[in-house]
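1. coordinates only, no sequence provided:
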């Protein structure tokens, strides 16, 4: 016989319920609200998040206006759980698993998974050594991301943060051909307008990325409670696939709005505000989420979760409260600079302020070899442009640095929705480093890159597989690649 606690609502205010009669309820316990007005309606769900001497304070997931004083509240006997399974692939759902894409409800789910879950212990993790290529030349060459890493994407509004994340998802269509398993992608949107979210999934469908992607959405018009739990729900979906030995790429877009939602809920729960109005546990808000990413030991079944959280800055200020919190949790950051964006650099990644703390182990050996020294050359070039670009006469050595740097900047320019495969990245970077594309000097990359890509696909279709399998960049392989570039460039 199941014993269930039953309480009653004392007060409802802005998505928060004050409940009497639940003396043994636990923190974050799942609650079911029953309305007196209509027995045919689906019950509302909630979660206990606070207590005082008289009442339990709970957040409500859904339309709290349906609830009234005196309505019954039943305890679930467990923390909040959501359905997970293969049936969610290709679907767009809310944090609780309800379909948002106009398709039938997802019935073939396998199990329920807790939204909050303890992260893997250190002894259960493997080092991050396998690459998670994004298809973005600047990132793969100089800020490598590995499977199991947490790499922050940070910058002001409208600089292309979401575009980088989408290109990384699109790139997983073919990137796995040299690796052991395909990648499941999860895109979690928090606090965005519905029209913006709809456009994102139109892009993913058009690019053929939806069959291996799950969308978990809590838009700006959804209750704050759903915006709060959305990233944890998305991580629960990721852990389902990770626990089956698969690799997962998860995007959180964005954690700034997630922090805003927690600040609002904390205010309603009457928690003491601290810096910028955030409660004292705002660091824990994101640390317990991102710590769940990582690469599990092969002896335990393998699998990994790679997290790309997005954080928004104000006027390029990366020393703000939330940005510094998330920077300290993650394994590096990709910083998008407004000045580069205004100068036409796409993507507008500042390689001086961007870093990957995992390092070159997360790169294919060939890509690591050809990109050696790029970061320094680009940093020197941007420094020269900033302080010496107006000079009419330059020393011979300085002019050479400017020329080499400009060639690298040009070759790293990249259009949205055009992720580049490994073999093309290697050839483009090698050609720029060795100054083999002088024939195209002065011409934008757009003018000849499609022709170059077609040449590689048709004349050297197996080159990608060869480079994935190469364990070192030998002189013979280098000369072979130089020969391919010369064959095209003439």
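-> Nice, I can see it. The shown structure was predicted, so the numbers you read here are calculated from the model rather than taken from an experiment. Numbering: from 1, shown residues only.

2. ramachandran angles for the closest residue to residue 240 other than its chain neighbours?
-> Nearest non-adjacent residue to residue 240, counting by CB to CB, 6 or more residues apart in numbering: residue 84, 4.0 Å away. For the C-beta atoms, the positions are set from N, CA and C on the backbone; glycine is no exception. Here is the backbone geometry of residue 84 (degrees, to the nearest 10): phi -140, psi 160.

3. show the pLDDT at residue 84.
-> pLDDT recorded at residue 84 is 95.

4. kindly report the same for residue 181.
-> For residue 181, pLDDT reads 50.

5. please apply the same query to residue 379.
-> pLDDT at residue 379 comes out at 85.

6. could you report the neighbour count for it?
-> 14 (other CB atoms under 10 Å).

7. tell me which strands and helices the helix or strand containing it is in contact with?
-> Taking DSSP states H and E as the criterion, residue 379 maps to helix 374-388. Where contact means 3 or more CB pairs under 8 Å, 6 or more residues apart in numbering; DSSP states H and E, helix 374-388 is packed against helix 137-142, helix 396-412.

8. next one: that helix to chain centre, how far?
-> 29 Å (CA atoms, centre = their mean, to the nearest Å).

9. buried residues of it, list them for me.
-> 374-375, 377-378, 381-382, 384 (16 or more other CB atoms under 10 Å).

10. stretch 386-404: end-to-end distance?
-> 16 Å (CA to CA, to the nearest Å).

11. let me fix that: stretch 314-329
-> For stretch 314-329, the end-to-end distance is 20 Å (CA to CA).

12. pull the residues that contact that stretch.
-> The contact list for stretch 314-329 (CB atoms under 8 Å, 6 or more residues apart in numbering) reads 150, 152, 154-156, 255-256, 259, 275-276, 278, 282-283, 286-287, 290-291, 309, 311, 313, 333, 335, 337-338, 353.

13. list the buried ones in it?
-> So for stretch 314-329, counting by 16+ other CB under 10 Å, buried means 316, 318, 320, 322-323, 325-327, 329.

14. among those, name the ones in helices.
-> 322-323, 325-327, 329 (DSSP state H).

15. shouldn't residue 167 be in contact with residue 135?
-> Yes: using CB atoms under 8 Å, residue 167 makes contact with residue 135 at a distance of 5.6 Å.

16. shared neighbours, those two?
-> By CB under 8 Å, 6+ apart, the residues touching both residue 167 and residue 135 are 418-419.

17. which residue ranges make up each domain of the protein?
-> 6-79, 83-362, 370-489 (automatic domain parsing).

18. ranking those by burial, who's on top?
-> domain 83-362 (a mean of 20; mean count of other CB atoms under 10 Å).

19. quick one on the thing from earlier: distance to residue 225 added to the buried residues of helix 374-388, as TSV?
-> Shown next, in TSV, are the buried residues of helix 374-388 (distance: CB to CB, whole Å):
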residue	distance to residue 225
374	46
375	43
377	49
378	45
381	49
382	45
384	52
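
20. so where's the chain shaky on pLDDT?
-> 1-3, 36-41, 107-110, 174-181, 388-394 (pLDDT under 70).

21. what bridges to the residue nearest to residue 240?
-> Counting by DSSP bridges, residue 84 is bridged to residue 111.

22. next, find the distance separating it from residue 346.
-> From residue 84 across to residue 346, the span is 37 Å (CB to CB, to the nearest Å).

23. out of the helices and strands packed on helix 374-388, which is closest to residue 63?
-> When the helices and strands packed on helix 374-388 are compared by CB to CB, helix 137-142 sits nearest residue 63, at 41.6 Å.

24. which helices and strands does the one helix or strand residue 188 maps to pack with?
-> Secondary structure assignment for residue 188, by DSSP H and E: strand 183-190. Where contact means 3+ CB pairs under 8 Å, 6+ apart, strand 183-190 is packed against helix 161-171, helix 194-206, strand 213-218, helix 224-242, strand 247-253, helix 255-268.

25. would you list those in a markdown table and tack on distance to residue 146?
-> Putting the helices and strands packed on strand 183-190 into a markdown table (distance: least, CB to CB, whole Å) gives the following:
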| stretch | distance to residue 146 |
| --- | --- |
| helix 161-171 | 13 |
| helix 194-206 | 23 |
| strand 213-218 | 21 |
| helix 224-242 | 15 |
| strand 247-253 | 11 |
| helix 255-268 | 21 |
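
26. how about the ones you listed, which one is nearest residue 468?
-> So among the helices and strands packed on strand 183-190, helix 161-171 is nearest, using CB to CB, at 14.0 Å.

27. which outside residues touch that closest one?
-> So helix 161-171 is contacted by 132-136, 139, 145, 153-155, 185, 187, 200, 203-204, 207, 209, 213, 249, 251, 253-254, 308, 310, 312, 334, 336, 347, 416-419 (CB under 8 Å, 6+ apart).

28. likewise for stretch 265-274?
-> By CB under 8 Å, 6+ apart, stretch 265-274 touches 13-16, 49-50, 57, 59, 224-225, 228, 263, 277-280, 282.

29. kindly report the same for stretch 221-230.
-> By CB under 8 Å, 6+ apart, stretch 221-230 touches 15, 46-47, 59-64, 80, 94-96, 115, 188-191, 194, 216-218, 257-258, 261-262, 264-265.

30. ok, residue 142 - contacts?
-> Per CB under 8 Å, 6+ apart, neighbours of residue 142: 351, 354, 371, 374-375, 378.
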